[in-house]
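>>> heads up, no residue letters with this:
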């Protein structure tokens, strides 16, 4: 599995799921955060959302919805991955996990270290976390957006959380967690 | 206690493009939108088969024309029957002279190609000449008296027929004469440059061959006797 898993993605959710008519600036900021979730690199994310915005403006005259912008950003990211031949071979052949929201509510609070922790995740995992925890999409919706089965999305989310937990437990690891994190990790 | 969702939201909310960058991107976007997509109109694609169709059609027309010409074009083989038919009745010879050169000039005046009287015939007295149409193409006839051999024969007429090679779809070989018999007549045909020559006489073929060979006695190359000096 690698970047190919992004290629069929289409944000088919209708515009009603977007918050009430954001301004172009707000939309651009959202696109930037989504790009950041994919790249985890501010400069790359900036370039990505910039190019996507210009492409959409050139083609359609304006950027109508967040969904359109996300799709453009995602497709550009996929293209870049292919160009750079970035391929990841992590398997998703795990049994399907139960619904996420209940578990998500009990996730440990991570202060200040989240950026470092997110760096250990694959783009597809960061994307799932972003869409679920930031955008508030369900696994079903994320699956529709990214062209993946709902079970795969759930697996991605669980795996991402597992990686974060493990990183938080590692002494001197990438995730230098605070007291709260250690407390919740021990209690899991 | 902040939950994970809040942490994620807080994390991403903190990430944003600078106002200047946002304004720059939006301005560029507006400019790009105003310019519109640069669509390069494609030239209407010519069907690759069009040329092929025209080529095939042209080839068909050409071949049909060639076949038509071939089927309907005159052959030098028609000379023999035409000569026979011409002499079947009393031949009409509009120009009569015993000087072959005079006849030749007359034929040139009628449009004859630049031909030479073969060496063999130059020493003979001429009788007359005429233009004969073969399949609508002009051929130019000159009649000569062959030598009289006392006690052997009383002499006879030898005819020379010339025509433009380009008027006929085929031509006799140019290396050596092609002999042919038709009824009581014998013929020897050959080509020289753009002229078809046919020598005809109302005599057996062997006699014509001897007649051709007797002049210079060049065995195996009777054409030498026929070629002009």
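Yes, it's here. Everything numeric here is computed off the predicted structure, so don't read it as measured data.

>>> mind listing what the nearest residue to residue A:77 once chain neighbours are set aside touches?
Using CB to CB, 6 or more residues apart in numbering or on different chains and skipping residues adjacent in sequence, the residue nearest residue A:77 is residue A:38, 4.9 Å away. Backbone N, C-alpha and C define where each C-beta goes, glycine included. Taking CB atoms under 8 Å, 6 or more residues apart in numbering or on different chains, we find residue A:38 in contact with A:45, A:48, A:73-74, A:77, A:123, A:126-127.

>>> what's the helix or strand for residue A:38?
Here residue A:38 sits within helix A:24-39, counting by DSSP states H and E.

>>> after that helix comes which helix or strand?
helix A:42-60.

>>> Would you mark the buried spots in that next one?
Using 16 or more other CB atoms under 10 Å in any protein chain shown as the test for burial, helix A:42-60 gives A:45-46, A:48-58.

>>> packing partners for it?
helix A:24-39, helix A:66-84, helix B:19-35 (3 or more CB pairs under 8 Å, 6 or more residues apart in numbering or on different chains; DSSP states H and E).

>>> Look through chain B and state the residue closest to chain A.
residue B:4 (3.1 Å; CB to the nearest CB).

>>> Is that residue in contact with residue A:129, as I believe?
No - with contact defined as CB atoms under 8 Å, residue B:4 does not count as touching residue A:129 (9.1 Å).

>>> Just want to know which of the two has more residues nearby.
residue A:129 (25 against 21; other CB atoms under 10 Å in any protein chain shown).

>>> What helix or strand is the more buried one located in?
Counting by DSSP H and E, residue A:129 is part of helix A:123-129.

>>> do that helix and chain B meet at all?
Yes - residues of helix A:123-129 contacting chain B under CB under 8 Å from any CB of the partner chain: residue A:129.

>>> buried ones in that helix?
Buried residues in helix A:123-129, counting neighbours by 16+ other CB under 10 Å, are found at A:123-129.

>>> other SSEs contacting it?
helix A:24-39, helix A:66-84, helix A:150-169.

>>> tell me the most buried of these?
Using mean count of other CB atoms under 10 Å in any protein chain shown, the stretch among those with the greatest mean number of neighbours is helix A:24-39 (a mean of 23).

>>> what's the angle from it to helix A:42-60?
130 degrees (axes from the mean of the first three to the mean of the last three CA atoms, to 10 degrees).

>>> What average pLDDT does the longest helix along chain B get?
Secondary structure of chain B read by DSSP state H shows that its longest helix is helix B:48-72. Helix B:48-72 comes out with an average pLDDT of 85.

>>> residues contacting residue A:130?
Shown in contact with residue A:130 (CB under 8 Å, 6+ apart): A:33-34, A:37, B:8, B:12.

>>> For it, give me the pLDDT.
92.

>>> Okay, it and residue A:56: tell me how far apart.
To residue A:56, residue A:130 is 20 Å away according to CB to CB, to the nearest Å.

>>> who's in contact with the helix holding residue A:129?
Residues contacting helix A:123-129 (CB under 8 Å, 6+ apart): A:1, A:5-6, A:34, A:37-40, A:74, A:77, A:81, A:118, A:121, A:142, A:146, A:153, A:156-157, A:159-160, A:163, B:8.

>>> where does chain B dip in pLDDT?
B:1-2, B:36-48, B:147-155, B:213-229 (pLDDT under 70).
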